[in-house]
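Asker: What follows is a protein structure lacking sequence information:
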């Protein structure tokens, strides 16, 4: 007979979760899970100064959005320890290094293993739970292997039509433990879904830790295993808990807290309603985004292609972004919604042209990508201010962070659901002209075909 489990550990006052997201759109996915579960959450777009933290003192979760997913290990060594120390100082019982739910990373770009190596000496956890799967986002993990939905079909990650061909970090390994082992020497263990469903998760966890595992990957296939993953994190994670993974960490915690009565069922937020015009910029090469661009153009948006090849020449790039901005303003004057984009999917010849131009110029990829994202952000800022818009979209996980920094905002709060992983947010900035802007930061793999129209309408019914 199974012994009864002890009473759940209560939720303390103050911040419950503090997280750093390795890209902007992924960070908003974590914020969404917590905010729409009734836990007020703020997402800072840079390390907040003490007075900005004080301005959001009543928040139950605090996030910091970053760009580590697109950065080198040397950049991480220079930038992440300070962020981790700030998060540790917030005193939240759960600390989280938030990664993309497709785990895209490599030893040289966006290394999750390097981030773990930098974080563990600061947090000193008993062990590190890792949850990457999130059924709400179409991500599932079985025996340590990650699967992701695309176009209504499920794919093992190394056979996924987008992630297996990702231009920066192509995923050729679906076993997340093996993939992570390329990036860190820390041992990775596993609690699989069979042990969870048999009530043997703790036995498998203890065995993994006895064998020296510092990081333990937790399978998630359905709501039952999601709850069990949340229970292992909250009840067995130690204090403080340091976690690795996608918004699946927050989803698992919320599912467990609800299952034991620590958190009430959420009430759907009131959508903010439609607006007359929005402006959108996209640096994504995802087929999902390509479908959204095509759908929007078929429904009255004005498509404005930005020639990304010109990014290698500062003067040519300035002329190109100016042209796109003026064209976008003209579209608004004609009663249309401007959509500035660099490509329509991975097979768009513009992608090969961009790569050829950057390679010929001999510029580092980080510099080129930073210029590209900043240019999109400058276009968007100019259009919003000159046209007096109140709502906008930035599409592309790597793009969104660089573009958002051009808007003069430093924090976001979620105000309405769109598609899982990309809520409609309110932007905050100290006395800035775009304080109060409503914005969606959309990752490449996120959203239904009519995502941009949903932003214009002001959200979806939950």
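Answerer: Sure, I can see it. Predicted model, so just to flag it, every value in this text is computed and none were measured. Numbering: from 1, shown residues only.
Asker: Contacts only, for residue 64.
Answerer: Residues in contact with residue 64, defined by Cβ atoms under 8 Å, 6 or more residues apart in numbering, are 19, 20, 21, 27, 43, 44, 46, 47, 48, 83, 86, 87. Heads up, the C-betas are built off the backbone N, CA and C, glycines and all.
Asker: let's see it at 10 Å
Answerer: Neighbouring residues of residue 64 by Cβ atoms under 10 Å, 6 or more residues apart in numbering: 18-21, 27, 42-48, 83, 86-87, 98, 411.
Asker: Would you double-check that it falls in a helix?
Answerer: No: with the criterion set as DSSP: H, G, I helix; E, B strand; the rest coil, the secondary structure at residue 64 is strand rather than a helix.
Asker: Just list whatever residues bridge to it.
Answerer: Counting by DSSP bridges, residue 64 is bridged to residue 20, residue 44.
Asker: got a pLDDT number for it?
Answerer: pLDDT for residue 64: 97.
Asker: Likewise for the one 5 residues further on?
Answerer: As predicted, residue 69 sits at a pLDDT of 91.
Asker: tally of neighbours for it?
Answerer: When counting by other Cβ atoms under 10 Å, one arrives at 26 neighbours for residue 69.
Asker: Over to residue 177?
Answerer: A count of neighbours around residue 177, defined by other Cβ under 10 Å, yields 18.
Asker: Sketch out the low-pLDDT regions of this structure for me.
Answerer: Scanning the chain for pLDDT under 70 picks out 1-4, 167, 266-268, 461-462.
Asker: And it, split by domain according to the record?
Answerer: Partitioning the chain according to automatic domain parsing yields domains covering residues 17-259, 279-457.
Asker: Tell me the buried residues in the longest helix seen in the chain?
Answerer: Longest helix in the chain by number of residues (criterion: DSSP state H): helix 365-387. By neighbour count, and taking 16 or more other Cβ atoms under 10 Å as the criterion, the buried residues in helix 365-387 are 368-384, 387.
Asker: just how off-centre is that helix within its chain?
Answerer: On the basis of Cα atoms, centre = their mean, to the nearest Å, helix 365-387 is displaced by 19 Å from the centre of the chain it belongs to.
Asker: circling back to that earlier point, need the domains of the chain in TSV with distance to residue 269, can you?
Answerer: Listed next are those as TSV, based on distance: least, Cβ to Cβ, whole Å:
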stretch	distance to residue 269
domain 17-259	7
domain 279-457	6
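Asker: closest to residue 265 out of these?
Answerer: Set against residue 265 and scored by Cβ to Cβ, the domains of the chain come closest in domain 17-259, at 6.5 Å.
Asker: other SSEs contacting the longest strand seen in the chain?
Answerer: Secondary structure of the chain per DSSP state E: the longest strand is strand 411-419. Here strand 411-419 is seen to pack against helix 24-35, strand 41-44, strand 61-65, strand 422-428, strand 438-442, helix 451-457 when contacts are counted using 3 or more Cβ pairs under 10 Å, 6 or more residues apart in numbering; DSSP states H and E.
Asker: On the three-state scheme, residue 92 is what?
Answerer: From three-state DSSP, the assignment for residue 92 is coil.
Asker: how about the nearest residue to residue 334 once chain neighbours are set aside, phi and psi?
Answerer: Nearest residue to residue 334, sequence neighbours excluded (Cβ to Cβ, 6 or more residues apart in numbering): residue 302, at 7.6 Å. Per-residue torsions, residue 302: phi -100, psi 110 (degrees, to the nearest 10).
Asker: ok, residue 302 touching residue 278?
Answerer: No: contact criterion Cβ atoms under 10 Å: residue 302 and residue 278 do not qualify, at 11.5 Å.
Asker: shared neighbours of these two, which are they?
Answerer: Taking Cβ under 10 Å, 6+ apart as the contact rule, residue 302 and residue 278 both touch 332, 337, 338, 339.
Asker: Which strand or helix spans the last one?
Answerer: For residue 339, the element it lies in under DSSP states H and E is strand 338-341.
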